[in-house]
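Undergrad: One predicted model, sequence on top.
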Amino acid sequence: MKPAARILLVLAICLSMAVGAQVRAQDPLPPRLQIGINLLPAIIAANNGLSKFGDDDSLPIYFVYLEDNHVAELLKRSISRIDKIKNRPLDARAISLQELLASDIVSMSTIFIAEKMDTRLDELIEYSQTHRALLFSPFKGDVDMGVASGFYVTDRVRPLVNLESLKQSKIQLKAFFLRIAVKHE
């Protein structure tokens, strides 16, 4: 192969890799994740426990994944478009479940499950309750398993809360929010 042809081949490969990376970076979120990220600010704002954060403190939001951080990073970028919730800036982070469980994070407001946890869900539920963090999942069935909040889809989307998990986490949601939410008891 001639040197000019090699250069063109290498250039073509590099260009296709760059285009592929851009396409992946712009991937749309799956519908349940998109609904979840759109509903998340309202759920966070309904948390009466935000008063534990000072007026100048940011609200730490953790997007937890098992192995692939791609969706967690997309969610993080999506929520970062919102400047503030309840006049507090957001501090969004993508973190693996392993890193989260190994850490001793003192201050957290919300944990968003970015990837289906299946067998590890109980560990995350216990961690969120111990750290008094609002645990949110966009995945069907997780609230039934003990996750504090999610959503319910029928002819419209409504918040879904697990009252026992909220109680275990010592999280109190505003009354108006609880009135419109579907409750799992």
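TA: Sure thing, it's come through.
Undergrad: make it CA atoms for all contacts and neighbour counts henceforth
TA: OK.
Undergrad: how deep is Asp68 tucked in, by neighbour count?
TA: Around Asp68 there are 12 other residues, counting by other CA atoms under 10 Å.
Undergrad: State the distance from it to Ser149.
TA: Applying CA to CA, to the nearest Å, the value for Asp68 to Ser149 is 23 Å.
Undergrad: do Lys86 as well
TA: For Lys86, the distance to Ser149 - CA to CA - is 19 Å.
Undergrad: center of the protein - which residue?
TA: Phe112 (2.6 Å; CA atoms, centre = their mean).
Undergrad: The strand ranked longest in the chain: partners in the sheet, and parallel or antiparallel?
TA: If you go by DSSP state E, the chain has its longest strand at strand 88-96. Each strand paired with strand 88-96, and its direction, by DSSP bridges: strand 59-65 (parallel), strand 84-85 (antiparallel).
Undergrad: In the next helix or strand after the first one, which residues are buried?
TA: In other words, strand 59-65. The helix or strand immediately downstream of strand 59-65 is helix 70-79, counting by DSSP states H and E. By 16 or more other CA atoms under 10 Å, the buried positions in helix 70-79 come out as 70-76, 79.
Undergrad: Please apply the same query to stretch 32-52.
TA: Neighbour-count burial for stretch 32-52, counted by 16+ other CA under 10 Å, picks out 33, 35-37, 39-40, 43-47, 49-50.
Undergrad: who does Gly150 bridge with?
TA: According to DSSP bridges, the partner residues bridging Gly150 are Leu160.
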